[in-house]
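Engineer: Just need the structure, nothing else, for what follows:
(2 chains)
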Amino acid sequence: MTAVEETGNESAVLQEYRRALRTWLEKHAPGPVAGLSGEEYLRTAREFQAALHDAGYAGITWPREMGGQGLGQAEQQVFADEAAAYDLPLYPFMIGMGMCGPTVVDLGTAEQQRRYLPPLLRGEEIWCQLFSEPGAGSDVASLQTRAVRDGDRWVVNGQKVWTTNAQFADFGALLARTDPDRPKHAGLTMFVVDMHAPGVTVRPLKDMSGRAPFNEVYFDDVEIPAQDVLGEIGGGWAAAVTMLGHERVSIGGRQRARSNPLEFASLAELARRTGAGRDPVRRDRLAELYAHERALELLNVRMRQEAAAGRSPGARGSVAKLAGALQARRAIEVAGEIAGADAVAWDPGDERAAELALAINSAPASSIAGGTNEIQRSIIGERILGLPKEPQVDRDVPFRDLAVGTRRREGDR
Amino acid sequence: MKLVLDAEQEDLRAAVRKFLADRAPSERVRAVMDGDPGHDPAVWTGLAGLGVLGLVVPEELGGAGAGHVDRSVVAEELGRALTPVPFLASAVLATDALLALDDDGARAELLPRLAAGELVGTVAVAEHGGEWDRTGGDTTAAERDGRWELTGVKTPVLAGDTADVVLVVARTPDGPGWFAVDAGAAGLARTRLTGLDPTRRVARLEFDGTPARRLATADAAAAVDLVADLAAVALAAEQAGLLQRAMELTVDHAKVRVQFGRPIGSYQAVKHGCADMYSAWELAVSVLRHAAWTADHDRAELPVAAALAQTYIGPAAFTTATGMIQYHGGIGYTWEHDAHLFYKRAKSAEQLLGPPSGHRARLADRIGV
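Structural biologist: Coordinates of the predicted model:
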């Protein structure tokens, strides 16, 4: 999506905002970050976040009194739009800026907002989100990590998994069970947890691509001060829903990487280079791939224009999320048709082929992470179309009486 | 680009939807499709009264001087309601052809009457299998004593059996040319074809030395391409409207139809199918808004956007109509239920301007694959 396409019916104020941002990005965007080592990448990311903050581009829609810019979705859209032209190192701050920060804005106490928001905006502190567990993936409310009140502190024990960025996070938004006598959604509380606290262990978890972008996190008698409850005690599910709402928007509005080997443009270029583009069947597949990719881009533009006009995307973010995941699968099929054996065996050092293989190995994640395709379809069906929910047998049963994960009810075999 | 409608366009949608709900409900559609002339003259006159037949026609020629986004909104509504009127033939094909050509006389004579619904026009370009042929195909035009005569066969021609004026593309000694033929011209045989879609009539036209009026144009082939692209956009709008209505009716059914003690929409298999229909509609509308916008504001991008619209929306609408029958179960396969009308309209629309593979091939050409 090029910036040009967005400039149609823009107010003079917004056009000026875009011009200033474009000029600033031309001057301050760091060069390519793909080749940097972990440490260098992290340093570059922190410096760039600080620069964004100094220039007034951090927390665009956050309230001014909390360190944000107090602007609207329209400015946020302009930022996403202009930033898409660059390979910006925003990834380490993605969870903090996109999900945890906005939740602190929504639910945090004044003291929490003062403590946590400014360092996040300045790139000094990195956040992660601690929801999923081995036995609580799509069914997040089945989580078993427990927090027990002990005077003016809580003591946490349990395990989290799939925790993006935990390896360098300073804080985490932790969802834990505080009352197993209540039904599963009612007994949860959200905390801000210090990831450097004693008893927190972070172990990298390798994914099927061979990389370790996420982690397992273990809590062993970790102490959390009572004032670090985020939202209400027992109100953890509402807080989680708030955060997941921010997550969907954040994923839906994510800037596209500059070049993805599974994009139409990359595959069409490969087809031209190898001559595969002369084959009518492969041309047909490429055209179809383009059509679906373009349709998704246009949906994103349309939803951003609606958001800028004040209409919240709501659950429709699930449509873009689902379509993106399906597109990744479609792209892999076409990539195989175009690249042939080169997609699966290549000369050592052939970076282009290696990137394609990495993309092939990363694609299944898009159908799972951030809510599986099945969950997205259920969200669309229930929240947008108003279809009846599945019968729920566990909604009103005290959590301690449920069979979750590997736990069995008494008498079950 | 602008992919959201403004308040005026939403008002237009509401007005057309209400008109069609009042005047062309399902029972009326069924009564009309079984009789002659196969379209609804009363609804046609009513649409003319709403001013929606000449939306893209300049005001000085009797139109509304609006644009393709507005026209696509009307086409969406006609597609939703499966309305049997020659909108695509007359308000789209014939109107766009006259606007694309350079014949001021024909424009002044015909466009006001097309916009007013007094005259139904159509365009005859397809031969053998329905693919549009910018060369004139096997239809030839010969000049005799300063008058032109056409010989050849065009099929299928939308509303070809009832149109008052037919704009024909034929081969001349100096390349393709556009011609206007009166319905009553000597040597014109019109055969109504039996169609898959009972809500849209098509015909085969045979020209045998048929007198025709040559229309002035600088580039007849370019005009064919433009008319085809604009038709692709308008047809895509009908298809998007059809998709939306098929989805809504399916969702409504899934909420009330109970099996095994629960509404079938509570089962994931059905719920997820409905979610896929909704997703297809959101994507289709986005593609449609963009295509219509390019028709108004970015003609350089129109060829890609039009091919994209047919590539994406046609198959998506047919898939949804198929799902509509499936999720209605046995009742969905009966004549008395409307699901088959959606199915038939969707399949025939998908083929109307050539098969999906043809649209994908054009798209591939246009995006440089």
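
Engineer: Contacts only, for residue A:206.
Structural biologist: residue A:212 (C-beta atoms under 8 Å, 6 or more residues apart in numbering or on different chains). (C-beta placed from N, C-alpha, C; glycine too.)

Engineer: how close does it sit to chain B?
Structural biologist: 31 Å (C-beta to the nearest C-beta, to the nearest Å).

Engineer: go on, residue A:245?
Structural biologist: For residue A:245, the distance to chain B - C-beta to the nearest C-beta - is 18 Å.

Engineer: Could you pull out the strands in chain A for me?
Structural biologist: Ranges of strands in chain A, per DSSP state E, are A:127-130, A:146-150, A:153-164, A:171-177, A:188-194, A:200-205, A:214-225, A:229-230.

Engineer: Which of the ones you listed sits closest to residue A:345?
Structural biologist: strand A:200-205 (27.6 Å; C-beta to C-beta).

Engineer: Give me the contact list for the closest one.
Structural biologist: A:161-163, A:166-167, A:193-195, A:212, A:214-220, A:222.

Engineer: So which residues of the stretch 251-369 of chain B form helices?
Structural biologist: Here the stretch 251-369 of chain B has its helices, by DSSP state H, counting those that start in this stretch, at B:268-297, B:302-328, B:339-352, B:356-366.

Engineer: most packed of these?
Structural biologist: Of all the helices of the stretch 251-369 of chain B, helix B:302-328 carries the top mean neighbour count, a mean of 25, counting by mean count of other C-beta atoms under 10 Å in any protein chain shown.

Engineer: how far does that one sit from the chain's center?
Structural biologist: Offset of helix B:302-328 from its chain centre (C-alpha atoms, centre = their mean, to the nearest Å): 14 Å.

Engineer: Any residue of that helix touching chain A?
Structural biologist: Yes - using C-beta under 8 Å from any C-beta of the partner chain, helix B:302-328 comes into contact with chain A via B:308, B:311, B:312.

Engineer: Point out the other helices and strands that that helix packs with.
Structural biologist: helix A:280-308, helix B:220-256, helix B:268-297, helix B:339-352, helix B:356-366 (3 or more C-beta pairs under 8 Å, 6 or more residues apart in numbering or on different chains; DSSP states H and E).

Engineer: Could you tell me the angle between the first one and helix B:356-366?
Structural biologist: Relative orientation of helix A:280-308 versus helix B:356-366 (axes from the mean of the first three to the mean of the last three C-alpha atoms, to 10 degrees): 80 degrees.

Engineer: List phi and psi for residue B:101.
Structural biologist: phi -80, psi 180 (degrees, to the nearest 10).

Engineer: mind listing what it touches?
Structural biologist: Shown in contact with residue B:101 (C-beta under 8 Å, 6+ apart): B:107, B:178, B:215, B:216, B:217, B:223.

Engineer: if we go to 6 Å?
Structural biologist: By C-beta atoms under 6 Å, 6 or more residues apart in numbering or on different chains, residue B:101 lies in contact with B:178, B:215, B:217, B:223.

Engineer: Between all of the residues you listed, which two are separated the most?
Structural biologist: Applying C-beta to C-beta across the contacts of residue B:101, the maximum distance is between B:215 and B:223, 9.2 Å.

Engineer: mind listing the helices for chain A?
Structural biologist: Under the criterion DSSP state H, chain A contains helices at A:12-28, A:38-55, A:73-83, A:94-95, A:101-107, A:110-121, A:236-252, A:264-274, A:280-308, A:317-339, A:351-366, A:373-379.

Engineer: list the buried ones in stretch A:86-98?
Structural biologist: A:86, A:87, A:88, A:89, A:90, A:92, A:93, A:94, A:95, A:96, A:97, A:98 (16 or more other C-beta atoms under 10 Å in any protein chain shown).

Engineer: pLDDT-wise, what's the bottom of those?
Structural biologist: In this model, the minimum pLDDT among those belongs to residue A:87 (84).

Engineer: Residue A:64 and residue A:105 touch, don't they?
Structural biologist: No - using C-beta atoms under 6 Å, residue A:64 is not in contact with residue A:105; the gap is 11.5 Å.

Engineer: ok, these two, which is more surrounded?
Structural biologist: More crowded of residue A:64 and residue A:105, by other C-beta atoms under 10 Å in any protein chain shown: residue A:105, with 20 against 10.

Engineer: Tell me the confidence at the more buried one?
Structural biologist: Looking at residue A:105, the pLDDT reads 96.

Engineer: repeat for residue B:38
Structural biologist: pLDDT recorded at residue B:38 is 86.

Engineer: so it is in which element?
Structural biologist: Residue B:38 belongs to no helix or strand when assigned by DSSP states H and E.

Engineer: ok, residue B:124 to chain A distance?
Structural biologist: 28 Å.

Engineer: Check the secondary structure at the nearest residue to that residue once chain neighbours are set aside for me.
Structural biologist: Sequence neighbours aside, residue B:154 is the residue nearest to residue B:124 in space, at 3.8 Å (criterion: C-beta to C-beta, 6 or more residues apart in numbering or on different chains). At residue B:154, secondary structure determined by DSSP: H, G, I helix; E, B strand; the rest coil is strand.

Engineer: Residue B:154 and residue B:206 touch, don't they?
Structural biologist: No - applying C-beta under 6 Å, one finds residue B:154 not in contact with residue B:206, separated by 8.3 Å.

Engineer: How about the residues of the stretch 201-350 of chain A by chain B?
Structural biologist: The stretch 201-350 of chain A comes close to chain B at residues A:268, A:277, A:283-284, A:286-288, A:290-291, A:294-295, A:298-299, A:301-302, A:305-306, A:319, A:322-323, as judged by C-beta under 6 Å from any C-beta of the partner chain.

Engineer: Buried members of the residues you listed into ChimeraX, please.
Structural biologist: In ChimeraX syntax, the buried subset of these is picked out as below (16+ other C-beta under 10 Å):
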select /A:268,277,283,284,286,287,288,290,291,294,295,298,299,301,302,305,306,319,322,323
